[in-house]
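Asks: Below are the sequence and a predicted model for it; my questions follow.
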Amino acid sequence: MGPFVGTVELVCGTLIILGLFTRLAAIPLIVIMVVAITSTKLPIWAGHNIWIFHMPKLARYGFWSMAHEARDDFLMLLGSIYLLIAGAGAWSLDAMLVREPEPS
């Protein structure tokens, strides 16, 4: 799954940087981040393996350890949710494609 996820992140990240299909590109990133948080951070919070998700070896476990390990994941998730809601903005390629030409 690594190459697939890497390709999706690269393509969607490029689309977001360009401001092209921003809302559509944010959806796969949200899904990837939810799966990443669930599969890697939930066992840290619980302190034991959960189903097929294995707990890494860390000095501490629990909520604060999980929150420390997941801070970047949560930021990317919230940023993607914001882009899904707000869109790309006035200077994006999305805005340029929608803008009507001014009458001459």
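Replies: Now that the structure is in, tell me what you want to look at.

Asks: Only the buried residues of the longest helix seen in the chain, if you could.
Replies: Ranked by residue count under DSSP state H, the longest helix found in the chain is helix 22-46. Within helix 22-46, the residues that count as buried by 16 or more other C-beta atoms under 10 Å are 22, 25-26, 29-30, 32-33, 37, 40-41, 43-45. Every C-beta, even on glycine, is put in place using the N, C-alpha and C of the backbone.

Asks: So which elements touch that helix?
Replies: The elements that helix 22-46 packs onto, with contact taken as 3 or more C-beta pairs under 8 Å, 6 or more residues apart in numbering; DSSP states H and E, are helix 2-18, helix 63-69, helix 71-86.

Asks: Could you dump those helices into CSV and include mean neighbour count?
Replies: Shown next, in CSV, are the helices and strands packed on helix 22-46 (neighbours: other C-beta atoms under 10 Å):
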stretch, mean neighbour count
helix 2-18, 13
helix 63-69, 14
helix 71-86, 14
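
Asks: Flag whichever of those has the least confidence on average.
Replies: Note on those: helix 63-69 shows the lowest mean pLDDT, a mean of 85.
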